[in-house]
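Student: Sequence first, predicted coordinates after that:
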Amino acid sequence: MTTDARKTRIYLLTCLLAIGVCLSACAGLQQKTSEERLLSRARSYWAAVAAGDYVSAYQYEEVSKTGAQPISAYVRKAGLIYKSAEVTGAKIEGDRATVDVKIGYIIPAMGSHVFNTDAKDVWVVIDGDWYHHAEGIMKDLKRIESGEKR
């Protein structure tokens, strides 16, 4: 191989390496913010819940990460039947967040009427990712069951 061919090859390899470094840096700039990650996970979670897909919803639950409740017990839980859910916003305070959700649900003992409510849903960070924490929604469900209006 001639000296000119070697120089050309080294030049091309250097350019390819530089392009790779630039692309990696640009990809890092496009990482989602904590709020974007939270909203994405909350929307996926509530879409699964509204579809009755508790197997998919379980992966977003804090209990799936902590092992506090096995999936077999989680999918058997009874209660409201969720018909719709729309995540409308979030407020992050450190490793906890409150997600605003508009929920349409049916209370099986009361027929097929769809009730609508606004809920405050609590999420927590575990190992760098957001997980649904039942605390907030459970307070709202108790409020709903008691007939209290928001």
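Tutor: Perfect, thanks for sending it. Numbering: from 1, shown residues only.

Student: and the closest residue to residue 88 other than its chain neighbours, backbone torsions?
Tutor: Here the nearest residue to residue 88 in space, its sequence neighbours aside, is residue 100; by CB to CB, 6 or more residues apart in numbering that works out to 4.6 Å. For every residue, glycine as well, the C-beta is placed using N, CA and C. In terms of degrees, to the nearest 10, the main-chain angles of residue 100 are phi -90, psi 130.

Student: For residue 100, give the beta-bridge partners.
Tutor: Beta-bridge partners of residue 100, counted by DSSP bridges, are residue 89, residue 120.

Student: mind listing the strands in this protein by residue range?
Tutor: Secondary structure of the chain (DSSP state E): strands located at 81-93, 96-106, 114-126, 129-133.

Student: Return the most buried member of these.
Tutor: Burial of the strands of the chain is given as mean neighbour count (mean count of other CB atoms under 10 Å); strand 129-133 ranks first at a mean of 21.

Student: Which strands or helices does it pack on?
Tutor: Judged by 3 or more CB pairs under 8 Å, 6 or more residues apart in numbering; DSSP states H and E, strand 129-133 is in contact with helix 34-50, helix 62-66, strand 114-126.

Student: ok, and the helix or strand in the protein with the lowest average confidence?
Tutor: Of all helical and strand segments in the chain, the minimum by mean pLDDT, DSSP states H and E falls on helix 3-29, at a mean of 54.

Student: hmm, back to that, of the helices and strands packed on strand 129-133, which is nearest residue 85?
Tutor: Set against residue 85 and scored by CB to CB, the helices and strands packed on strand 129-133 come closest in helix 34-50, at 3.7 Å.
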